[in-house]
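> what's the 3D shape of this:
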Amino acid sequence: MAGISACNNGISEDDGSIDFIEETIPAPDTTPPVITLLGTTPVSIELGTPYFDAGATALDDIDGVVAVTTGNPVDVNLIGTYTVTYDAVDAAGNAATQVTRTVNVTPDATPPVISLVGTTPISFVLGTPYVDAGATALDNIDGAVSVTTTNPVDVNLAGTYPVTYDAVDAAGNAAVQVTRTVTVTVIPDTTPPVITLLGTTPVNIELGTPYVDAGSTALDNIDGAVAVTTGNPVDENLEGTYTVTYDATDGAGNTAVQVTRTVNVTPDVTPPVITLLGTTPVNIELGTPYVDADATALDSFDGAVAVTTVNPVDENTLGSYTVTYDATDAAGNPAAQVTRTVNVTPDVTPPVITLTGATPVNIELGTPYVDAGATALDNIDGAVAVTTVNPVDENTLGSYTVTYDAVDTAANAAVQVIRTVNVNPVSIFELTDPTPGAGDQFGQLVVILANGNIAVSDPYDSSIAANNGAVHLYDSVTKTRIASIYGDE
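You can find the predicted model right below:
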């Protein structure tokens, strides 16, 4: 934060001077926090449904997270539109811009649910008094609501009668009608229902295999289809023999002969299955590191099981190798072995030459040329020798090509790399006329001597009385004058 610099706290020295200590006074915090709403707006809920506000957060540039004050006027039992407010103030007293959420409490649209008391169907003998067991109804808003029962049963007239139950909540939402079937018989019903097994018995499943019971049906001479009660004690994770039971009772209370199914949970005899990760075969070049992709194994009972990998691959020896994968589950069932073929192929990758220094290189005529060279690196052999062909003649003008070649021990030749070296004429502008004057012809002739030095003629040198010209000798490297010969000498 920007601040104000001030000098205070003067300190008197022995010599009478006063030193001041500078300190920075922070600028006042005038930035309020920013409130971020969590969840959506608007929110619509049905009358009587509990409302849980999602809240909000507030972040201040100085204080960081600051507390949020929530104003929540929502009455879930009263239809209407409500505004929930969120406020926050930082430590400097800066109030955030208020954020709001609209909550709409809508009319009740959920009907009550009717639950039958007692059983259905029911049967009894002609003339026997019938007292209906009734039903209850529960609404999400009104709680328990009254049930309207329509009972057409005539105990003196044989037949089948539907007793119906209806309910409506205070908002006018009608429940789904529930029905009980009542049968009045001429003679007493003493015949029990008959249970029919679906599927086979016995059933054999392997340890760990999920067991889904096929069930059964029950048919009564008076009531028709009646409910079956199933007792299923099967534990598919524990070996043993289990008995599943099936029972049924009709409306007159007649109990069917129990039917059973035998379920045998047998030992685990299914081996795990190995799945190879990656491909096979795999081809790698000699000297290339081999990282195996591995494999996974899944067992029907144990789930994932460990895989034992035998990897004989020697990436530095040519050949075809077989990587094997094995797995065994807790019951000792071995999986079918899976293999991967890895072929280590000959070295076919040439070395790579890297030029040291720049290209092109420009030198002046007569300047010694020292080549910067090059390096070569091979994927198998590492650093390999570089053969350099250097035709540069620094005493002859021209453009020369220096070549660099390399071959690894497998005879793979690198791509040739070249450097261009240009031998350029000497620039007389780098040489100084020791006797400059008007009309001078310095540099009319430039000769590179056998020792590399430079001879420069000046046929008309105005500084010489006889004006017989001069020849100047220069060092080719330093460009400094070594000697001069004048025509009058």
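> quick one: T279 from T341, how far?
10 Å (CB to CB, to the nearest Å). Just so you know, the C-beta spots here come from the backbone N, C-alpha and C atoms, and that holds for glycine as well.
> quick one, which of these two is more surrounded?
Higher neighbour count among T279 and T341: T341, with 12 against 8, using other CB atoms under 10 Å.
> touching, that one and T322? I think so.
Yes - using CB atoms under 8 Å, T341 is in contact with T322, at 6.0 Å.
> can you check which residues contact both of those two?
The contact sets of T341 and T322 do not overlap (CB atoms under 8 Å, 6 or more residues apart in numbering).
> quick one, what contacts V105?
With contact set as CB under 8 Å, 6+ apart, V105 has these partners: I45, E46, L47, Y51, V74, D75, V76, L78, I79, G80, T81, Y82.
> list buried residues within those residues.
The neighbour count (16 or more other CB atoms under 10 Å) marks E46, L47, V74, V76, Y82 as buried among those.
> can you list those in JSON lines and add pLDDT?
Output for the buried ones among the contacts of V105, formatted as JSON lines (pLDDT from 0 to 100):
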{"residue": "E46", "pLDDT": "91"}
{"residue": "L47", "pLDDT": "89"}
{"residue": "V74", "pLDDT": "97"}
{"residue": "V76", "pLDDT": "93"}
{"residue": "Y82", "pLDDT": "97"}
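> so what are the sheet partners of the host helix or strand of V103 and their directions?
Under the criterion of DSSP states H and E, V103 resides in strand 99-106. Paired strands of strand 99-106, with direction, are strand 43-46 (parallel), strand 80-87 (antiparallel) (DSSP bridges).
> ok, the nearest residue to A374 once chain neighbours are set aside - contacts?
Excluding its sequence neighbours, the residue lying closest to A374 (CB to CB, 6 or more residues apart in numbering) is Y404, at 4.2 Å. Counting by CB under 8 Å, 6+ apart, Y404 touches I353, L355, G373, A374, A376, V386, T387, T388, Q416, V417, I418, R419.
> just the buried ones from those?
Neighbour-count burial (16+ other CB under 10 Å) applied to these gives I353, A374, A376, V386, V417, R419.
> identify the farthest-apart pair in the residues you listed.
For the buried ones among the contacts of Y404, the maximum inter-member distance is 14.5 Å, found between A376 and R419 (CB to CB).
> ok, which stretches of the stretch 51-200 of the chain are strands?
Counting by DSSP state E, counting those that start in this stretch, the stretch 51-200 of the chain has strands at residues 56-60, 64-66, 69-71, 80-87, 99-106, 113-116, 122-125, 135-139, 143-145, 148-150, 159-166, 178-185, 194-197.
> by mean pLDDT, show me the worst of those.
Comparing mean pLDDT over the strands of the stretch 51-200 of the chain, the weakest stretch is strand 122-125, at a mean of 87.
> quick check: neighbours of it in the sheet, parallel or antiparallel?
strand 178-185 (parallel).
> hmm, back to that, what about the buried ones among the contacts of Y404, which are in strands?
Under the assignment DSSP state E, the buried ones among the contacts of Y404 contribute I353, A374, A376, V417, R419 to strands.
> would CSV of the strands of the stretch 51-200 of the chain with distance to A335 be doable?
Listed next are the strands of the stretch 51-200 of the chain as CSV, based on distance: least, CB to CB, whole Å:
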stretch, distance to A335
strand 56-60, 54
strand 64-66, 55
strand 69-71, 60
strand 80-87, 61
strand 99-106, 59
strand 113-116, 53
strand 122-125, 59
strand 135-139, 56
strand 143-145, 61
strand 148-150, 65
strand 159-166, 60
strand 178-185, 56
strand 194-197, 37
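> for G253, which of the ones you listed is the nearest?
Of all those, strand 122-125 comes closest under CB to CB, at 9.2 Å.
> now the closest one, how far from the chain's geometric center?
Distance of strand 122-125 from the chain centroid (CA atoms, centre = their mean, to the nearest Å) equals 66 Å.
> pLDDT at D440, what is it?
As predicted, D440 sits at a pLDDT of 68.
> likewise the one 3 residues further on?
pLDDT for G443: 71.
> quick one: contacts for it?
G443 makes contacts with I428, L431, D433, V456, S457, D458, as judged by CB under 8 Å, 6+ apart.
> can you do 10 Å?
V426, S427, I428, F429, L431, D433, V456, S457, D458, H472 (CB atoms under 10 Å, 6 or more residues apart in numbering).
> coming back round to it: now do the buried residues in the strand holding V103.
Buried positions in strand 99-106, judged by neighbour count with 16+ other CB under 10 Å: V99, R101, V103, V105.
> hang on, the earlier thing: closest to V273 out of the contacts of Y404?
A376 (49.7 Å).
> flag the shaky bits of the chain, pLDDT-wise.
Counting by pLDDT under 70, the chain contains low-confidence residues at 1-25, 428-430, 438-440, 444, 461-468, 487-489.
> give me the beta-bridge partners of the residue nearest to A374?
T388, V417.
> looking at the strands paired with strand 99-106, which is closest to L397?
The nearest among the strands paired with strand 99-106, by CB to CB, is strand 80-87 at 85.7 Å.
> could I get stretch 114-131 in PDB with only the CA atoms?
Below are the C-alpha coordinates for stretch 114-131, written out as PDB (Å, rounded to 0.1, in the frame of the first residue of the first chain):
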ATOM      1  CA  ILE A 114     -51.800 -43.500   1.900                       C
ATOM      2  CA  SER A 115     -50.600 -46.500   3.800                       C
ATOM      3  CA  LEU A 116     -52.800 -49.600   4.100                       C
ATOM      4  CA  VAL A 117     -53.400 -51.000   7.600                       C
ATOM      5  CA  GLY A 118     -53.600 -54.800   7.600                       C
ATOM      6  CA  THR A 119     -53.300 -57.100   4.500                       C
ATOM      7  CA  THR A 120     -54.700 -57.500   1.100                       C
ATOM      8  CA  PRO A 121     -56.300 -59.700  -0.200                       C
ATOM      9  CA  ILE A 122     -58.700 -60.900   2.600                       C
ATOM     10  CA  SER A 123     -61.300 -63.700   2.300                       C
ATOM     11  CA  PHE A 124     -64.000 -65.000   4.700                       C
ATOM     12  CA  VAL A 125     -67.100 -67.200   4.700                       C
ATOM     13  CA  LEU A 126     -70.600 -65.800   3.800                       C
ATOM     14  CA  GLY A 127     -72.300 -64.200   6.800                       C
ATOM     15  CA  THR A 128     -69.100 -63.500   8.700                       C
ATOM     16  CA  PRO A 129     -69.000 -59.900   9.900                       C
ATOM     17  CA  TYR A 130     -66.300 -57.800   8.100                       C
ATOM     18  CA  VAL A 131     -64.500 -55.000  10.000                       C
END
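> ok, V386 touching A372?
No - between V386 and A372 there is no contact under CB atoms under 10 Å: 11.7 Å.
> common neighbours of the two, please.
Residues touching both V386 and A372 (CB under 10 Å, 6+ apart) are T356.
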